[in-house]
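Undergrad: Generate a structure from the sequence data that follows.
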Amino acid sequence: MARGQSPPSRRDLPPSGVLDWSNRKHWKRKALPCRYQCGGLPTHLRDSTGAPAHKVCAEVAIVQQIQEYADAYENERLRLT
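TA: Below is the predicted model:
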């Protein structure tokens, strides 16, 4: 971003956390085991790919993935300097 430019505006996070789970596409009548194999009860919730996932499990996985990307980026940046 160039000097003097303001950062792009971001939508506010939904009140429920990282993802907005209020869309009907995230709920199905049939409960299935969570894709993250958490050992919890079957869930009616579906992630953005349509796979069964508890809200907390999906959001924890996203945070872990972001951290892995950040670590990989930082390792590559340090290796090149």
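Undergrad: and residue 56, how far is that from residue 47?
TA: Per C-beta to C-beta, to the nearest Å, residue 56 is found 12 Å from residue 47. From N, CA and C alone the C-beta is placed, and that goes for glycine too.
Undergrad: what about the protein, any weak spots by pLDDT?
TA: Counting by pLDDT under 70, the chain has low-confidence residues at 1-18, 78, 80-81.
Undergrad: Apply 90 and report the result again.
TA: By pLDDT under 90, the weakly predicted segments of the chain are 1-23, 48, 59-60, 62-66, 69-81.
Undergrad: Contacts for the top strand by length along it, please.
TA: Taking DSSP state E as the criterion, the chain has its longest strand at strand 27-32. With contacts defined as C-beta atoms under 8 Å, 6 or more residues apart in numbering, strand 27-32 is touched by 41-46, 52.
Undergrad: got the buried residues for whichever strand or helix holds residue 56?
TA: In the assignment (DSSP states H and E), residue 56 maps to helix 55-80. By neighbour count on 16 or more other C-beta atoms under 10 Å, the buried set for helix 55-80 is 55, 57-59.
Undergrad: tell me which of those is nearest to residue 77?
TA: Residue 77 has its nearest neighbour among the buried residues of helix 55-80 in residue 59, at 26.8 Å by C-beta to C-beta.
Undergrad: Surely the closest one touches residue 19?
TA: Yes. Contact criterion C-beta atoms under 8 Å: residue 59 and residue 19 qualify, at 6.2 Å.
Undergrad: wait, is residue 44 part of a strand?
TA: Yes. Secondary structure of residue 44 (DSSP: H, G, I helix; E, B strand; the rest coil): part of a strand.
Undergrad: quick revisit: among the contacts of strand 27-32, list the two that are farthest apart in space.
TA: Pairwise across the contacts of strand 27-32, and taking C-beta to C-beta, the largest span is found between 41 and 46, at 15.2 Å.
Undergrad: Those two: which has the busier surroundings?
TA: Between residue 41 and residue 46, counted using other C-beta atoms under 10 Å, residue 46 has the larger neighbour count: 19 against 9.
Undergrad: Let me see the contact set for that one.
TA: Counted by C-beta under 8 Å, 6+ apart, residue 46 has contacts 25-28, 52-53.
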